[in-house]
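Asks: the amino acid sequence is not available; the structure is as follows:
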């Protein structure tokens with residue numbers, strides 16, 4: 001008995017259609033009459049559409065079925081298609097390789113966009129707006145520096161880092177940054193309990209303790225009874 005395993009059969013180009021549809025497409029290649037081959041191809045297209053009824057509402061549903069038919073025939077089927085027959089080169093085109101962005105970050109714990117913001121502010125002509133934006137960035141830098149170094153940085157070090165990231169002299173008033181205070185909160189403090197509630201809980205605990213002590217009766221042992 002000759003065994004027919006899948007690894008000895010023809011490769012399925014679109015496994016979602018199954019082997020029977022591939023066999024139908026193979027039978028189309030054996031038909032010599034072009035008109036009959038086209039008529040049988042339309043019948044195979046109808047069967048393929050019945051296998052995927054949920055895709056009927058999609059755009060260009062028929063176009064996709066004809067493209068799948070040519071793919072399953074390994075682009076060897078010659079019929080009168082209502083659409084342009086695709087080629088193997090059209091479906092095997094590889095996308096262009098994207099260049100990986102290589103950008104140097106002066107201070108990694110500040111982030112890449114912080115450096116971009118600082119350089120953009122250095123080119124700002126409106127000095128008042130640039131000063132307010134730079135103050136916000138300086139507060140953010142102070143927070144990130146505390147998270148990285150676990151200590152509050154000096155304002156002079158923040159100014160020095162800003163000049164380094166700007167790459168040029170900043171022609172603006174930086175007195176806002178020099179007088180900047182730390183606004184970083186290490187954590188949310190525990191909510192204090194109200195005094196009245198604490199006293200109420202203490203009185204209730206004291207009442208329960210006296211009640212238990214009053215109801216407690218010591219048990220006498222046998223030796224005491226004999227006396």
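Replies: Now that the structure is in, tell me what you want to look at. It should be emphasised that the depicted structure is a prediction, and the values quoted were computed from it without experimental measurement.

Asks: show me what contacts the nearest residue to residue 138 once chain neighbours are set aside?
Replies: Leaving aside its sequence neighbours, residue 138 sits nearest to residue 177 (Cβ to Cβ, 6 or more residues apart in numbering; 4.7 Å). For the C-beta atoms, the positions are set from N, CA and C on the backbone; glycine is no exception. Residues near residue 177 by Cβ atoms under 8 Å, 6 or more residues apart in numbering: 134-135, 138, 155, 158-159, 162.

Asks: buried subset of these?
Replies: Buried subset of the contacts of residue 177 (neighbour count, 16 or more other Cβ atoms under 10 Å): 134, 138, 155, 158-159, 162.

Asks: returning to what we had before: biggest separation within the contacts of residue 177, which pair?
Replies: Distances among these were taken as Cβ to Cβ; the most separated pair is 134 and 155, at 12.8 Å.

Asks: if we can go back for a sec, okay if I get the buried ones among the contacts of residue 177 as TSV plus pLDDT?
Replies: Shown next, in TSV, are the buried ones among the contacts of residue 177 (pLDDT from 0 to 100):
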residue	pLDDT
134	84
138	86
155	81
158	84
159	83
162	85
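
Asks: any idea which of those is closest to residue 106?
Replies: Nearest member of the buried ones among the contacts of residue 177 to residue 106, counting by Cβ to Cβ, is residue 162, at 10.6 Å.

Asks: contacts only, for the closest one.
Replies: Counting by Cβ under 8 Å, 6+ apart, residue 162 makes contact with 118, 134, 137-138, 141, 170, 177.

Asks: just those residues: which has the poorest pLDDT?
Replies: Here the lowest pLDDT out of the contacts of residue 162 sits on residue 170, with 69.

Asks: break down the protein into its helices, ranges please.
Replies: Counting by DSSP state H, residue ranges of the helices within the chain are 18-29, 34-51, 61-72, 88-91, 112-122, 127-149, 155-166, 175-178, 195-215, 222-226.

Asks: which one of those helices has the lowest average pLDDT?
Replies: Ranked by mean pLDDT, the helices of the chain end with helix 222-226 in last place, scoring a mean of 47.

Asks: report the contact partners of residue 22.
Replies: So, once contact is read as Cβ under 8 Å, 6+ apart, residue 22 ends up touching 10, 12-14, 72.

Asks: of the residues you listed - the most surrounded one?
Replies: Looking at the contacts of residue 22 with neighbours defined as other Cβ atoms under 10 Å, the largest count falls to residue 72 at 21 neighbours.

Asks: please name the nearest non-neighbouring residue to it.
Replies: On the basis of Cβ to Cβ, 6+ apart, the spatially nearest residue to residue 72 that is not a chain neighbour turns out to be residue 25, at 4.6 Å.

Asks: any figure for the gap between the one you found and residue 5?
Replies: Here the distance between residue 25 and residue 5 works out to 21 Å (Cβ to Cβ, to the nearest Å).

Asks: of these two, who's got more company?
Replies: Just comparing residue 25 and residue 5: by other Cβ under 10 Å the higher neighbour count belongs to residue 25, 25 against 6.
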